[in-house]
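Participant: Provide a 3D model corresponding to the input given below.
(chains A and B)
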Amino acid sequence: MNLLTVVLALPLASFLIALLLPRSSPQASRMWALVSSVATFAASLGLLAWFDRGFAGEQFLLDVPWVTSPNIHFAISANGISLWLVILSTLLTPLCVLISWNSIQARVKEFFAFLLLLEFGLVGVFIAQDLFLFFVFWEFSLVPMYFLIGIWGHERRIYAAVKFFLYTMAGSMLMLTAIIYLYNRTGTFSYPAILDMLLSGQLRLAPVEQMLLFLAFFVAFAIKVPLFPLHTWLPDAHVEAPTAGSVMLASVMLKMGCYGILHFCLPLFPAASRTCAPWIVVLAIIGIIYGALVAMVQPNMKKLVAYSSVSHLGFVVLGIFTFTQMGLDGAVYQMLNHGISTGALFIGVGLLYDRRHSLEIKDYGGVATAAPWLSTMFMITMLASIGLPVLNNFVGEFLVLQGTAVANYTWTVYASIGVILSACYMLWMYQRVFFGELGPEVRSHMPDMKLREWAAVVPLIVMMFWMGVYSQSFLPPVGKVNARVLGQTQVNVPFRVELAPVKRAEVARAR
Amino acid sequence: MNFLDLIWLIPLFPLCGAALMLLVGRKLDPQPPSDVAVAPGVEPIYEHGHDHEHVPGQGHSHDHPHDDHGHTHDHGHVHHHHSPLKFLVSLICPGMVLLSFIFSAGAVWQLSQLPHRVHQVIQFTWLAGLPFHMANGQLATFTADWGFLLDPLSSVMILVVTGIGFLIHVYSTGYMAHDNGYYRFFGYLNLFVFFMLMLVLANNYLLLFVGWEGVGLCSYLLIGFYFHKKSAGDAGKKAFIVNRVGDAGFVLGMLLMMSVLGTVRFTDVNAVLRSGHYTPEVAGFGVLSVMSVLMFFGATGKSAQFPLYVWLPDAMEGPTPVSALIHAATMVTAGVYMVARSSALFQLTPHTSSIVAAVGAFTAILAASIALVQNDIKRVLAYSTVSQLGYMFLALGVGAYWVAIFHLFTHAFFKALLFLGSGSVIHAMSGEQDMRRMGGLKNKIPITHWTMFVGSVAIAGIPGLAGFFSKDEILWQAYSSPQGSQALWAVGLVTAGMTAFYMWRLMNMTFYGKSRVTKEVESHIHESPVSMTGPLTVLAIGSVLAGWLGVPKLWTLFGEGWRSFESWLAPAFASAAVEASKEGAHDASTEWILMGVSVAIAIIGITVARYFYHHKPEIPDSLEKSLKPLHGLLYNKWYVDEVYDFLFVNGLCKGGGLALGAFDRNVVDGGVNGAGWLTRFTSRISMWWDKWIIDGAVRFSSFLVKMLSYPVCILQTGRVQAYAFFILVGAMAFLGYYVAR
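Facilitator: Residues are numbered from 1 along each chain as shown, chains lettered A, B, ... in the order given. Got it, this is the predicted structure:
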């Protein structure tokens, strides 16, 4: 039992207690969700305080047998990357509670219970070190999100929820097959143990074997990222989901895929990763440009932001597959940045929806006159999203581009087109929504920010500036892990997995 | 006080002002409850806030002229009838810029005492310690700090930014006094000054880029200041996006620089490039040339050069002080500054330098030609700015870096003056900007007239005023420099003639001749308050004197002290050797002749304009009729905007977006839905199979059994007598069988 276990257990316990609350008093459910999620966040900050920033390996290890046959362990730990992702999840949950405070009026108790359950699943994904446990959390996190979309969504919610579920499921089945295959080869689900076997030469995967396993894992992750052309579940899920669902989906759930690629695909299948890298990079670059162009013409704000996510996450994948320190660091930073800024964008869209009850851009105009602070908040968020320096996204984007430039300059040229286009679609949307003449419908429905809404937005704005100006608070632990991952992928690029003896000690220590 | 180590404070002052305004400004300057857009279609905030209903307020401030004189700076209690705290806004924001100016002046003075005139302050590391392999395989570390560099080049820039910036802030306290969002305007303006100072004080390209994007943002916000107007929103967006295109080039250049040179810190880059390891890329387009072309592309965005100049004329949608500060004196010169800052790189890439010179010359004449026929007073000045920036790039392209900065310096004075003067005219005219409805304003607004007169003389290139010195030096360098040519000189010369013409056209249409002002507007014409005429006067004095820092070498009457601008900048460009090598290539008589020609063409331009628009106003009309196609071409700005709209905005972005959107829905998602449909189809078939074949077989077999059992069923009657009878029959049958056998 360590602090990490507490961070994982708190949302589950909160969920169980939330179930016991009386349905007749929705206020109790709201308060409980807020209090407990803030407590979880506080606990995760404790994690940050106890984290050893100088150490690249896994920390807060916990490993207890769960099932004896097959040999499944309850093994969790955090490293410099998953730590931030856990904190991102625990930060966004209370904010989601705040923005759902009044906008959710039906089945309030269940809504907040599912939100807490979702947090549990997400935290679990980022810290599970047993492949089977990871798979359990991976699938588990789908369930609350499925209900959040399917019950509290908009008109086509059932279609979107089913599509979301099945799409992800299809990928996960491949991953499950691969996990079971690995278990058959190694006799263990323990990720560090399998890595060790690979590095010590105990486990040798034939090229075809490695390639198939890599693809099985990668497709599951790529669907979640989502990588072009596997992205079409995303716009539907976002448009139909309630605000909190969109926020959690964009900010945290998409990161599961990126994290998976970085944490599992690269170290387990270094040669296959490197072989596939050019193809994946092409898809990522297509995604960057394609997502931006499609976002440009969307009449629906949430759809626009959803396609912008496709574009932004293309940068993450691009960064990862440059196999450079800067690219990887930038990719991870971009994951966090996207969590902050797109989360804030969805919150902003949600605030507009709460007032005007429409997601269509054409129903707005002149909001800046009626609600100047809301417009200011949205402006800062938008600027962060298009990568203005001093705000967070710029640092990530620049590092990714720099990494790409070092790896292959031509890729950079194409990727930079996405940077131009992001300004086009965002500014165009901003102009149509916030500038211009104030129509009567908008004027009568557009009060400015309330205290509760401020509380949901300010933390994110602060993070945008902090991460943009002083990235040294965040990047060093990330860089350490990435250096280790890079070291693991350095193993023999020719298609044969063999030991790089230097790395053995480090990984052993990491366990 | 050691100002040199405090240079990080220089940008911090305006940042504090901006933060204060944007966070609590609303409290200082509460907005009227019926804020804006009371009813659709009624324009609530007037561009200049001096429309008829505001005139009493204006009169009010005239009733208390002592208010203006009671303060050292005339931003003061003039408008206290709006809000008791509003004067704080007009005190804090210009005051912050003044503080920056004082600190800048102190730092520059102390810099001049240093032997090498370079001072670097590094605050902290922004991005650090990321190892990578450079293009040559060497291991390098990616580092970017928050650091500041004061050298002769940045010292000129900070003085211009804070000095001119302060004057324009003061002017704005008068100009914007009646606008809603007074605090917001000053917040943005201070924020702009902050980013601009970051841009010019940064010690590396990445931090320069922070300022670069930041000023772009402020420009966007200020162009769209009257955001309820669609044209303002459009113009702001256009400015941002066109700049973004250039920025992509800049970023790509920076990335390449990092990959090839392993650093982006100015001092290190210069040291590497000047180490002798790299030789000028004379033979062809090498990696350094690619790098410099990309950087120059970035500069064409910010500094409004062809092909990315289209945003600047539209940017005039912003309030006039913004046009003066951002879109004339400071921000648009950032590209010039950046290229000058990269002089070490451009000196090694002669091919790029030729491109820079050609683009500069082309832009100069293109914009000047458009300015000839525009009727909006601010648009004339906007195209004039584009044209003058072209001159600066021409100078950069022929390797005369100090001359470019010199022209930047003098231009800041007279162009700020002209814009502020035009603002004062517009203010007097209750918001009218069309010169066809002006005329004869000379005696009604005398201070504005005389100061603008000085500005026009200065830009036209009449000897003795600032514009002459810098422009003539550019023309001379374009002619005499090794990279220059007679063609470049000729283009520059024609542009000079055009400049003189359109400026005098503007002066004549505005101030002289018969009044074409409507009755309604005429009754309100008034000279601007001291807060506006004061800065105009100061700038007019500057427009006369600024040029005397760079007197031509030819004027041997004046000693070296009159040429201090060049010697001050020399260390920044390491150009002493270059300069020395080309002296003597042309003799003094040539230079005298060229100077005479350029002065003559300026005078011709002025005279023709005077003749056309004062003595014979019918000539322009008849010319317009007889040269209709040409006039149409110029008036419609060579249709560049239309071409861009067709190709990029509608074609590439919207068209591509719509096409891909349809592709996404129908093909990509169609595939998914198709897979779903296929699954359902398969399951239907399976169901059919299941129901009719599998289950059918089962049911058929049961049916068969049932059928077969039917005869048996007949026997199962349940009657004992029948069974007894069957048994009897059976027994008899058996018996019969045995017996018969």
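Participant: just checking, what's the longest helix in the chain?
Facilitator: The chain I'm using is chain A. The longest helix of chain A (DSSP state H) is helix A:325-356.
Participant: should've been chain B
Facilitator: helix B:230-261.
Participant: wait, does it contact chain A?
Facilitator: Yes: Helix B:230-261 is in contact with chain A by Cβ under 8 Å from any Cβ of the partner chain, via B:230, B:232-234, B:236-237, B:240-241, B:244-245, B:247-248, B:251-252, B:255-256, B:258-259. All C-beta atoms are positioned from the backbone trio N, CA, C, and that covers glycine.
Participant: may I see the PyMOL selection of the buried members of those residues?
Facilitator: Here is the PyMOL command that selects the buried residues among the residues of helix B:230-261 next to chain A (16 or more other Cβ atoms under 10 Å in any protein chain shown):
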select buried, chain B and resi 232+233+234+236+237+240+241+244+245+247+248+251+252+255+256+258+259
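Participant: show me what counts as buried in the longest strand along chain A.
Facilitator: Under DSSP state E, the strand in chain A containing the largest number of residues is strand A:59-67. Within strand A:59-67, the residues scored as buried using 16+ other Cβ under 10 Å are A:59-62.
Participant: which two among the residues you listed are spaced furthest apart?
Facilitator: A:Gln59 and A:Leu62 (10.7 Å; Cβ to Cβ).
Participant: which neighbours do the two have in common?
Facilitator: The contact sets of A:Gln59 and A:Leu62 overlap at A:Ser77 (Cβ atoms under 8 Å, 6 or more residues apart in numbering or on different chains).
Participant: how far does the longest helix of chain B sit from the chain's center?
Facilitator: In terms of Cα atoms, centre = their mean, to the nearest Å, the centre of helix B:230-261 is found 9 Å from the chain centre.
Participant: which is the next helix or strand following that helix?
Facilitator: The helix or strand immediately downstream of helix B:230-261 is helix B:266-273, counting by DSSP states H and E.
Participant: how many neighbours does residue 125 have?
Facilitator: All of this refers to chain A. Look at A:Val125: counted by other Cβ atoms under 10 Å in any protein chain shown, it has 28 neighbours.
Participant: actually chain B
Facilitator: For B:Thr125, using other Cβ under 10 Å, the count is 15.
Participant: hey, what's it bridged with?
Facilitator: B:Asp145 (DSSP bridges).
Participant: contacting residues around the residue nearest the centre of chain A?
Facilitator: Against the mean C-alpha coordinate of chain A, by Cα atoms, centre = their mean, the closest residue is A:Lys255 at 2.3 Å. Counting by Cβ under 8 Å, 6+ apart, A:Lys255 touches A:85, A:88, A:335, A:338-339.
Participant: again, but for B:Gln477
Facilitator: Here B:Gln477 is in contact with B:395, B:398-400, B:403, B:484 (criterion: Cβ under 8 Å, 6+ apart).
Participant: most surrounded residue in the residues you listed?
Facilitator: Going by other Cβ under 10 Å, B:Ala395 tops the contacts of B:Gln477 with 33 neighbours.
Participant: tell me how far it lies from B:Tyr502.
Facilitator: 21 Å (Cβ to Cβ, to the nearest Å).
Participant: so for the longest helix of chain B, mean pLDDT?
Facilitator: The average pLDDT within helix B:230-261 is 90.
Participant: with stretch B:447-459 instead?
Facilitator: 91.
Participant: mind listing what's buried in that stretch?
Facilitator: So stretch B:447-459, judged by 16+ other Cβ under 10 Å, has buried residues B:447-452, B:454-459.
Participant: now B:Phe612: phi and psi?
Facilitator: Torsion angles at B:Phe612 (phi, psi; degrees, to the nearest 10) stand at phi -60, psi -50.
Participant: same check on A:Gly436?
Facilitator: Geometry field for A:Gly436 lists phi and psi as phi 90, psi -180, criterion degrees, to the nearest 10.
Participant: wait, isn't it in contact with A:Lys362?
Facilitator: No: taking contacts as Cβ atoms under 8 Å, A:Gly436 lies outside contact range of A:Lys362: 11.2 Å.
Participant: right, and B:Met316 touches B:Ala324 too?
Facilitator: No: under the criterion of Cβ under 8 Å, B:Met316 makes no contact with B:Ala324, lying 10.7 Å away.
Participant: and those two? Which one has more around it.
Facilitator: Neighbours were tallied for B:Met316 and for B:Ala324 using other Cβ under 10 Å; the higher tally belongs to B:Ala324 (33 against 25).
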